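**Student:** attaching a predicted model along with its sequence, questions to come.
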Amino acid sequence: VATGHFGNWEMFAQAQGFLGHPISLVYRRFKNPLVEAQIAAIRSRPGTRMLAKRSAARELLQRLRGGELVALPIDQHEPAGHGFPVPFFGRPASTTLGPARLAQLVQAPLQVAVMARVGRTNQHEIIVQEPIAPPPKRDKDPALLIEMMTKVNASYEDCIRRYPGQWLWMHR
């Protein structure tokens, strides 16, 4: 699942566990260990498994090969030398190819999914976009991964266009 800072993204992860589909979620650790411990405790209640961004690749592959659901944030600017220019709202955005590469390695489709608040109510809906097929496993051409992430970004853009007030991102 490709997701991002949309709606109540923390509730999205928890909802999956409460619905019987706990996920592994890639995240960046908080600098404050007390905040880290508190957030980890809240996130793990419904069975969400937290994978630290810097050490997640091998474990992600194991979980995906085991048929588990994995959520990866895609709306983060990658620093120079780590990202590739992929269109996002008509502009090149430094984007990770990681989700596309993982999908390619396990030959699993990638789907954009977010949780959106319904109007001004306390109700939410989980929006799951159409699956995006990975490139062939043996093809190492990075252009194919960029093409896949272009489709992923376009799918995420669709969610943002439908609910623009629910996308929270203030960085580059």
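**Tutor:** Happy to help now that I have it.

**Student:** return the distance of the longest helix along the chain from the chain's centre.
**Tutor:** Ranked by number of residues, the top helix in the chain under DSSP state H is helix 142-162. How far helix 142-162 lies from its chain's middle: 12 Å, per CA atoms, centre = their mean, to the nearest Å.

**Student:** ok, now stretch 74-82?
**Tutor:** Counting by CA atoms, centre = their mean, stretch 74-82 comes out at 13 Å from the chain centroid.

**Student:** in it, what's buried?
**Tutor:** 74, 75, 76, 78 (16 or more other CB atoms under 10 Å). Bear in mind the C-beta positions are built from the backbone N, C-alpha and C, glycine included.

**Student:** so the third one versus residue 1, what's the distance?
**Tutor:** Separation of residue 76 from residue 1 (CB to CB, to the nearest Å): 15 Å.

**Student:** give the residue spans of the chain that score low on pLDDT.
**Tutor:** 55, 170-172 (pLDDT under 70).

**Student:** where do the strands sit along it?
**Tutor:** 2-3, 23-27, 49-52, 69-73, 84-88, 91-95, 113-117, 124-128 (DSSP state E).

**Student:** show me what the fourth one is in contact with.
**Tutor:** When you say that, I think you mean strand 69-73. The contact list for strand 69-73 (CB atoms under 8 Å, 6 or more residues apart in numbering) reads 1-5, 12-13, 16, 21-27, 60, 63-64, 98-99, 102, 113.

**Student:** ok, now the second one?
**Tutor:** The list of residues contacting strand 23-27 from outside it, by CB under 8 Å, 6+ apart, reads 1, 13, 16-17, 43, 48-53, 56, 59-60, 63, 68-73.

**Student:** so it versus strand 69-73, what angle?
**Tutor:** Put simply, strand 23-27 runs at 20 degrees to strand 69-73, going by axes from the mean of the first three to the mean of the last three CA atoms, to 10 degrees.

**Student:** ok, strand 23-27: who's next to it in the sheet?
**Tutor:** Strand 23-27 has the following strand partners under DSSP bridges: strand 49-52 (parallel), strand 69-73 (parallel).

**Student:** show me what residue 115 is bridged to.
**Tutor:** residue 126.

**Student:** any idea how far residue 134 is from it?
**Tutor:** 24 Å.

**Student:** before we move on, what about residue 38?
**Tutor:** Residue 38 is 36 Å from residue 134, by CB to CB.

**Student:** more neighbours: the two, which one.
**Tutor:** residue 134 (22 against 12; other CB atoms under 10 Å).

**Student:** ok, the nearest residue to residue 167 once chain neighbours are set aside - contacts?
**Tutor:** Leaving aside its sequence neighbours, residue 167 sits nearest to residue 160 (CB to CB, 6 or more residues apart in numbering; 4.6 Å). The contact partners of residue 160, taken as CB under 8 Å, 6+ apart, are 6, 166, 167.
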